[in-house]
Structures are given as C-alpha cells and as structure tokens.
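Visitor: please find the sequence and the predicted model below.
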Amino acid sequence: MNTLFSWSKYPLLRIFIPYIGGVMLAFNLRNTLTVPDFLGITIIALSLLFLFICHVYITFKRRLLYGLILAHLMVWIGYYNTQTNITNHSPTESILNIKRKVLLLADVNESPIWKENSVKLSVNIKKFYLDSQQHSCKFKMVLYLQRNSLSEDLSYGDRLLCYVYPNNIPPPKNPDEFNYKRYLEIKYTYLQAYASSEAWTRIGQNKGNPIMHFANQLQKKLLQLFDDSHLNKNENAVISAILLGADDKMDAELIRSYSNTGVSHILSVSGMHVGIIYMILQYIFFFLRKNKQQKTLKACIILLIIWFYACLTGLSPSVMRASTMFSFFAFANIIQRKGNIFNSLSSSLLLFTLWNPLLIFDMGLQLSYAAVFGIVWIEKRISDKYQPKTKVGKYFWDIICVSLAAQLFTFPLSLYYFHQFPFYFLLANMAIISITPLIVANGMLLLLFSFWQWAYDGLAYLLNLCIKYMNIVIQTVESFPYASIQIHMTLWQTIGLYIFIISLIYSFLYKNKNAFFLSILCFLLIISVDLIKYINNLHNKEIIFYALPKGMLIDCMDAQTCYVVGDSNTLSNNRTIDYHVKNHRIKHQIKQLIYTAHCEKTQRFYKIGNVISFEGKRILIVEKNLYINRNDTSAFSINYLLINNNPNLSIRQTIKAVKPDLVIFSANNADYKIKKWENDCKEYGIPFYSLEKGALNITLK
C-alpha cells in the first residue's frame with residue numbers, strides 16, 4: 001500500500017513541527033512563565049549532548065528514542081528563541097511605568113500610512129529623555145502624527161524627536177472584535193502615542209537600511225508615475241495595489257467587493273504575484289537547461305529579476321517572504337536535488353521562523369504557505385483528470401485547477417479570520433486571473449515607457465479599460481445571490497477542518513480506509529459543534545451596549561433577529577460596524593437586522609423616542625436635547641440609563657426622576673464628566689458602568 005509520509009524524506013519537516021510547538025507555547029505563556037537564560041541554555045546543551053550520545057551509541061532499532069530527544073530539543077529551541085526575541089524587543093519597565101509625556105528619539109521603519117486626520121508611523125525608539133537624563137532603549141511603537149504638509153512629507157529612514165505620552169495598546173473592547181493588540185504584539189509593538197504638529201520635529205533623514213530606503217524611494221517614484229497618468233481613482237488604486245503593493249488608496253467599498261468574491265489576494269502583492277513572475281521567467285528562459293552552468297545562470301537571472309521586483313514594492317514583508325521562498329526553489333534546481341518540494345517549503349519556513357519566530361502567527365504567511373502547499377500537492381493530480389483539446393481550454397482549466405487547489409487549503413483560514421466564504425470564487429478567479437497578466441504587463445510597460453508621452457498616454461488608456469472591466473466583473477459577481485456566506489469558525493473547528501480535508505484527500509489518493517474514517521469523524525465533530533452553536537443561538541436573548549470611540553450603538557438580539565439602535569453617523573459607517581460589531585453578529589448567526597429609529601410597539605420590542613423596551617427590560621438614552629419631567633416618574637421606570645454624548649445633567653436629579661437599576665456611560669462622553677457622574681453614583685449607591693472599559697453584554701433569561 002502507498003503511504004503518504006516517510007519521515008526520512010522530510011527531515012526538515014520533522015524538526016520544524018516540534019520547533020513551532022515550542023514557539024506557540026512560549027507566545028501563549030509570555031506573560032506567565034519566563035525561563036531564565038541559564039536554565040534555557042543548559043536544557044538545550046544537555047539535549048544536544050544526549051542527542052550526540054544516542055547518535056553514536058544507540059542502535060537503529062531504538063531510533064524512537066533519538067526522535068523523541070530531537071523533538072524535545074527543537075521544542076526548547078523554539079521556546080527559548082521566542083522568549084529571547086520577545087524580551088529583546090519589549091520596552092523596559094522604566095518606559096512602561098512613565099505616566100507623563102516624554103521626549104523620544106524615533107526612526108521611521110516603514111512607509112507612512114495616511115489616515116483621514118493623521119499619519120500613522122511605525123517607529124524604532126532609540127533613546128528617550130526624562131528629567132534631563134538620556135536613556136538608551138530599543139523597541140517599536142506606533143506613532144500617530146497630526147496630518148499636515150510636514151507629516152505627509154515623511155518617509156522611511158527619517159529621524160524624529162517627539163514629545164508624547166506613550167500608552168499601552170488596549171485589548172479589544174467589544175466581543176469578538178479584531179484583536180489589534182495581539183496583531184501588533186506579533187510585530188513586537190507594544191506602545192502607541194499621538195503627537196500634534198507642535199510636538200514633533202524631523203532631525204534627520206536616511207537613517208534606516210540603505211537598501212530599504214532605496215526600495216521605498218523607488219516605490220514612491222513609481223506610484224507618482226501612476227498618479228501622473230490620469231488613471232481614474234479606483235483604477236489607479238487597483239494597479240498601485242496589484243503591481244506595487246500600495247493598498248492604502250483603495251476605496252472601502254471596492255475592497256469589500258474583492259473580499260466578498262474571494263479575489264482580495266490580487267490586491268496585496270504576495271506569493272501569487274511572485275509566483276506568476278517566477279513561472280513567466282521560467283518560460284522565457286526555457287532554453288537555459290542543457291547543463292549545470294546554464295541552469296545556474298537561469299536561476300541567477302530569475303532571482304535577480306524577482307528581487308528587483310521586490311524592490312519595486314518597497315520590499316514589503318510579504319514579497320520578501322515570497323521571494324525568499326522561490327529563491328529556495330531556484331537554489332534546489334541549481335544543485336539538482338530531486339528531493340521533494342515540501343523540503344524547500346519547510347526550509348524556507350524554518351529560516352523565517354528562526355529569524356523571527358512570531359512570523360508563524362502572521363496571517364499572510366499562513367495563507368501563502370497553505371496556498372502553495374495545496375497547489376504543490378493536488379493541483380497536478382486534479383489537472384491530470386481532464387485534458388482539454390485546445391490551448392484556450394487548457395489555459396482556463398489550469399486556472400480552475402490552481403484556484404481550486406489554493407482555495408481548498410486557504411478557505412479554512414479565511415473562514416477563521418474573515419468569517420465568510422465566497423461562493424463564486426472559481427468564477428471570479430477565472431475572470432481575474434485571465435486578465436491579471438495583461439494588467440501586470442501593461443502596468444510594467446507604462447512605467448518603462450513613461451518617458452515617451454504618446455506611449456505613456458496610450459498604455460494608461462488601455463490599462464484604465466482593463467481594470468475598469470475587472471472591477472465591473474467583480475461587482476457583478478458580488479451582486480449574485482449568496483455571493484458571500486458568513487460562517488463563524490473557532491480555532492479548533494479550523495484545525496478539525498484541515499484534518500478533514502487532508503485525510504479525505506489522502507484516503508482517495510492512497511486508498512486508505514483509516515484516513516477516510518478519520519475524515520468522517522472530523523466532519524461529524526465539526527457539524528456537531530456547529531449544531532450546538534445553532535441551538536444555543538436560537539435561545540439567545542441579550543442586550544449589547546457597544547464600546548465605540550465615537551457614537552452609540554445597542555444590539556438587542558432575539559435568536560437570529562437583531563434590533564439595532566444607534567446614532568445616524570454610526571449606523572452609516574460601515575467601517576466602524578465591520579471592525580467593532582460584525583464578527584459578534586456573525587458568531588450569533590444573525591439573519592435579520594432591524595434598524596429602529598422608531599418602530600411600532602410589539603410584544604418583545606419597541607422604541608418610542610429615547611425609550612427602548614426589549615423582553616421586559618427598559619432602556620432610557622439620555623442625550624443633550626432630552627428633557628426629563630421630574631414630576632412624572634411613572635413613565636420612567638427603567639432598568640438601564642444610558643448617558644450619551646455629554647448631556648448637561650445632574651445625576652442626583654436624573655436618578656430621582658427615573659430610578660434606574662444601572663447607569664451606563666458611553667465612551668463618547670468627556671472623561672471629566674464621567675468621573676463626576678461616577679462619584680455621584682457612588683454617593684447615592686447606584687450601580688454604574690463606563691463603556692470606556694469595554695462593551696456591556698447583558699444576557700436575558
């Protein structure tokens with residue numbers, strides 16, 4: 001019987017798995033367990049000694065003992081490497097305990113991102129000055145500068161002096177909200193600060209890596225060429241994202257369309273783009289294959305072009321990872337190793353995580369490697385099942401096979417991170433991938449012939465038409481019924497789904513019954529968990545007061561129906577809803593949203609003016625323009641009093657008028673007012689809660 005794995009064929013894979021286990025263990029225990037350096041080094045040294053003894057004196061029959069010691073060694077290397085990296089990149093206690101403004105010396109380490117009212121920078125802090133004393137340090141932080149002509153002029157490598165108040169990055173304040181704190185911790189970033197235009201100054205330039213500086217300046221000049229070509233706004237944003245990796249120009253609605261149809265990968269320069277270039281170059285230089293010298297020359301040319309393209313994108317992390325991965329493939333061709341491509345994947349991934357162990361948590365890296373794994377393992381097996389008779393048919397069949405193989409191994413991660421499955425991903429990918437090479441080639445030619453005005457204008461016109469056609473196709477596919485299916489997946493369900501997919505494919509490819517039974521078991525477990533969640537959600541009744549930095553929003557959930565109460569600015573802001581609220585609604589499988597500025601009274605819910613009643617619980621929203629008649633208390637027998645948007649009121653008089661069970665303060669009230677109201681509530685013995693601490697979730701029985 002054929003077997004899928006023979007560990008002797010995958011030496012790097014069998015040491016990579018326990019190494020990653022150690023990385024994950026260290027990251028999850030980072031705040032609770034720190035292994036002293038002496039102990040960590042001692043354990044690793046002893047493991048190496050035992051490994052050497054086993055290698056010399058233990059017979060082959062006892063290779064299991066050798067494997068266990070090797071796995072133990074790799075777990076400790078992963079743990080200690082992760083702990084060391086986190087410690088070396090963390091701010092010192094002296095900066096963490098500062099409760100006032102401090103002067104920081106900061107170097108910009110990435111291209112600035114322009115926001116509506118600010119410029120976001122990732123900076124390396126070299127020194128800070130406190131009480132006329134200089135303190136050396138080494139850590140990263142996020143710095144927001146007031147947006148003006150000076151902050152818009154900043155670039156990679158600039159050195160700044162900033163007088164700011166460093167703050168810890170807060171955890172998510174709403175249920176199932178995107179964990180921005182964890183996202184930045186993976187990038188070794190733990191603090192953030194804001195500086196007004198008077199609180200910072202640029203004191204130097206070109207302080208970063210010269211290669212990175214060259215790449216960023218080159219990217220900036222090429223982006224300016226697209227800006228000067230008079231492309232339409234959306235078309236300019238798309239080509240800038242596809243070709244140069246500048247995705248900060250994209251319209252939110254256009255991004256949503258690409259995401260809902262399963263082709264958002266086209267907008268971020270990553271492994272797919274580098275893979276396309278790699279395959280095109282392999283085809284162009286097909287004649288360099290007669291001997292080892294020609295193969296070496298071919299590999300060197302391809303690598304030179306790939307890394308030059310990486311420079312065009314500003315050496316973004318995703319492109320650098322993809323370029324490194326394909327460099328391993330090219331190197332394997334040079335040394336003429338017939339070994340399996342999974343060793344090249346494992347070696348590149350091991351190299352990345354040895355250099356930066358927290359990269360294993362990077363979503364982009366996970367999706368890239370999952371896609372490549374799927375394409376390498378099953379794409380050829382799928383394509384061999386059918387052989388089209390025409391070249392056009394073969395081209396589109398190859399697109400279908402590549403898309404299917406990649407999507408099969410990335411959709412569990414997509415469900416886990418984005419909670420949606422694009423139903424028409426094959427149709428969308430066929431349309432997009434068929435025209436993407438033309439768009440990429442057109443964009444490259446436009447940049448190359450920018451000195452020739454006639455060719456420059458003609459290529460810009462053609463490029464505009466191609467991207468407009470692509471956008472129309474995407475928006476048309478998005479308009480199809482059930483274009484995007486929302487599904488909430490837990491981490492364990494995602495792992496179970498991968499086991500199901502891999503074991504099912506294994507069972508069919510290698511006729512293995514045990515794998516087939518394992519896939520059935522995983523499928524039943526996933527369905528059972530989902531069924532339990534569905535039954536629980538059918539009986540769910542809860543009120544959620546969301547913690548929003550601006551605005552007010554309340555969800556009253558009754559099974560799969562949600563009554564939504566909020567101010568007009570919040571309800572119309574899709575970005576705010578998607579970031580803070582959407583995931584929680586998907587988790588509870590909400591099918592119907594009822595927006596209630598004013599609705600008729602029903603048995604379960606009604607809203608009249610600022611009074612809400614849901615399942616017998618009454619909520620009164622007190623805002624600036626609300627008048628409370630203190631002589632009529634019968635109409636204001638309420639459970640929850642929500643004070644919103646800085647009203648001028650007396651807590652003592654309001655409490656006498658409405659007698660609430662709980663007073664809730666929105667996060668958009670002024671801090672000094674909240675403190676005053678909290679003191680008043682304490683004085684009168686009334687329970688209170690500030691949404692500044694996080695959302696308030698009230699489960700009703």
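Guide: That came through, no problem.

Visitor: just the helices in the stretch 301-450 of the chain please.
Guide: Taking DSSP state H, counting those that start in this stretch, the helices of the stretch 301-450 of the chain run over residues 317-334, 341-355, 363-374, 380-383, 391-418, 425-448.

Visitor: which of the residues in the fifth one are classified as buried?
Guide: Which is helix 391-418. 397, 399-416, 418 (16 or more other CB atoms under 10 Å). Yep, even glycine has a C-beta here, placed from its N, CA and C like the rest.

Visitor: ok now that helix, how far from the chain's centre?
Guide: Counting by CA atoms, centre = their mean, to the nearest Å, helix 391-418 is centred 20 Å from the centre of its parent chain.

Visitor: between helix 363-374 and that helix, find me the angle.
Guide: 140 degrees (axes from the mean of the first three to the mean of the last three CA atoms, to 10 degrees).

Visitor: how about L497, nearest residue that isn't a chain neighbour?
Guide: P412 (4.3 Å; CB to CB, 6 or more residues apart in numbering).

Visitor: ok, that neighbour touching Y498?
Guide: Yes - with contacts defined as CB atoms under 8 Å, P412 counts as touching Y498 at a distance of 5.4 Å.

Visitor: show me where pLDDT drops low in the stretch 301-450 of the chain?
Guide: Screening the stretch 301-450 of the chain residue by residue with the criterion pLDDT under 70, one finds the ranges 332-340.

Visitor: so which bits of the helix or strand encompassing Q192 are buried?
Guide: In this structure, Q192 is located in strand 189-195 according to DSSP states H and E. By neighbour count, and taking 16+ other CB under 10 Å as the criterion, the buried residues in strand 189-195 are 189-193, 195.

Visitor: what do you get for stretch 564-577?
Guide: When burial is assessed from 16+ other CB under 10 Å, stretch 564-577 yields the following buried residues: 564-567, 570-571, 573, 576-577.

Visitor: got phi/psi on T699?
Guide: With angles defined as degrees, to the nearest 10, T699 shows backbone torsions of phi -90, psi 130.

Visitor: check it and give its pLDDT.
Guide: In the predicted model, T699 carries a pLDDT score of 92.

Visitor: state the distance from it to C556.
Guide: Computed with CB to CB, to the nearest Å, the distance linking T699 and C556 is 12 Å.

Visitor: looking at those two, which one has more neighbours?
Guide: Looking at T699 and C556 with other CB atoms under 10 Å, you find the greater number of neighbours at C556, namely 26 against 10.

Visitor: what's near enough to touch the more buried one?
Guide: By CB atoms under 8 Å, 6 or more residues apart in numbering, the residues touching C556 are 542-543, 562-565, 605, 612, 614-615.

Visitor: go with 6 Å
Guide: Under the criterion of CB atoms under 6 Å, 6 or more residues apart in numbering, the contact list for C556 reads 543, 563, 614.

Visitor: that one sits in which helix or strand?
Guide: Counting by DSSP H and E, the element that carries C556 is strand 553-558.

Visitor: got the CA positions of that strand in PDB?
Guide: As requested, the backbone C-alpha atoms of strand 553-558 are provided in PDB (Å, rounded to 0.1, in the frame of the first residue of the first chain):
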ATOM      1  CA  LEU A 553     -24.800  51.500  19.300                       C
ATOM      2  CA  ILE A 554     -27.000  49.000  21.000                       C
ATOM      3  CA  ASP A 555     -27.900  45.500  19.700                       C
ATOM      4  CA  CYS A 556     -31.000  43.700  21.100                       C
ATOM      5  CA  MET A 557     -30.600  40.100  20.000                       C
ATOM      6  CA  ASP A 558     -33.600  37.700  19.900                       C
END
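
Visitor: show me how far it is from its chain's centre.
Guide: Mean-position distance between strand 553-558 and its chain equals 27 Å (CA atoms, centre = their mean).

Visitor: and if you look at stretch 45-58?
Guide: In terms of CA atoms, centre = their mean, the centre of stretch 45-58 is set 41 Å apart from its chain centre.

Visitor: swap in stretch 479-498?
Guide: For stretch 479-498 - counting by CA atoms, centre = their mean - the centre lies 16 Å from the chain centre.

Visitor: please apply the same query to stretch 238-248.
Guide: That offset, for stretch 238-248, works out to 17 Å (CA atoms, centre = their mean).

Visitor: then stretch 235-247?
Guide: In terms of CA atoms, centre = their mean, the gap separating the centre of stretch 235-247 from the centre of its chain is 19 Å.

Visitor: re earlier: include secondary structure, neighbour count and distance to I17 when you put the contacts of C556 into JSON lines, please.
Guide: As requested, these are arranged in JSON lines below (DSSP: H, G, I helix; E, B strand; the rest coil; neighbours: other CB atoms under 10 Å; distance: CB to CB, whole Å):
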{"residue": "I543", "secondary structure": "strand", "neighbour count": "22", "distance to I17": "45"}
{"residue": "Y563", "secondary structure": "strand", "neighbour count": "23", "distance to I17": "48"}
{"residue": "F614", "secondary structure": "strand", "neighbour count": "23", "distance to I17": "50"}
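
Visitor: for I255, state which of those residues is nearest.
Guide: Using CB to CB, Y563 is the member of the contacts of C556 that sits closest to I255, with 28.8 Å.

Visitor: the residue nearest to A405 when sequence neighbours are not counted: neighbour count?
Guide: Counting by CB to CB, 6+ apart, E379 is the residue found nearest to A405 once chain neighbours are left out, at 4.0 Å. Neighbour count of E379, defined by other CB under 10 Å: 18.

Visitor: W492 now?
Guide: W492: 11 surrounding residues under other CB under 10 Å.

Visitor: what of A241?
Guide: Neighbour number of A241 under other CB under 10 Å is 22.

Visitor: quick one: it and D247 touch, right?
Guide: Yes - counting by CB atoms under 6 Å, A241 touches D247, with 4.3 Å between them.

Visitor: okay, and the common contacts of those two?
Guide: Among the neighbours of A241, those also in contact with D247 (CB under 6 Å, 6+ apart) are L267.

Visitor: helices along the stretch 101-250 of the chain, start to end?
Guide: Taking DSSP H, counting those that start in this stretch, the helices of the stretch 101-250 of the chain run over residues 149-152, 180-185, 210-228, 233-244.

Visitor: who wins for proximity to A515 among those helices?
Guide: Each of those has some distance to A515 by CB to CB; the shortest is helix 180-185, at 34.3 Å.

Visitor: how about the closest one: buried residues?
Guide: 184-185.

Visitor: how far is that helix from where the chain is centred?
Guide: For helix 180-185, the separation from the chain centroid amounts to 10 Å (computed by CA atoms, centre = their mean).

Visitor: just the CA trace of that helix, in PDB.
Guide: Taking only C-alpha atoms (Å, rounded to 0.1, in the frame of the first residue of the first chain), the coordinates of helix 180-185 have been written out as PDB:
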ATOM      1  CA  TYR A 180      -5.400  44.800  17.300                       C
ATOM      2  CA  LYS A 181      -3.300  44.500  20.400                       C
ATOM      3  CA  ARG A 182      -2.300  40.900  19.600                       C
ATOM      4  CA  TYR A 183      -1.800  41.800  15.900                       C
ATOM      5  CA  LEU A 184       0.800  44.400  17.000                       C
ATOM      6  CA  GLU A 185       2.400  42.100  19.600                       C
END
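
Visitor: show me the helices in the stretch 551-700 of the chain, by range?
Guide: With DSSP H, counting those that start in this stretch as the definition, the stretch 551-700 of the chain shows helices at residue ranges 568-571, 574-580, 582-587, 651-658, 671-684.

Visitor: turn these into JSON lines, columns for mean pLDDT and distance to S348.
Guide: As requested, the helices of the stretch 551-700 of the chain are exported to JSON lines (pLDDT from 0 to 100; distance: least, CB to CB, whole Å):
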{"stretch": "helix 568-571", "mean pLDDT": "88", "distance to S348": "45"}
{"stretch": "helix 574-580", "mean pLDDT": "90", "distance to S348": "33"}
{"stretch": "helix 582-587", "mean pLDDT": "93", "distance to S348": "32"}
{"stretch": "helix 651-658", "mean pLDDT": "79", "distance to S348": "61"}
{"stretch": "helix 671-684", "mean pLDDT": "90", "distance to S348": "49"}
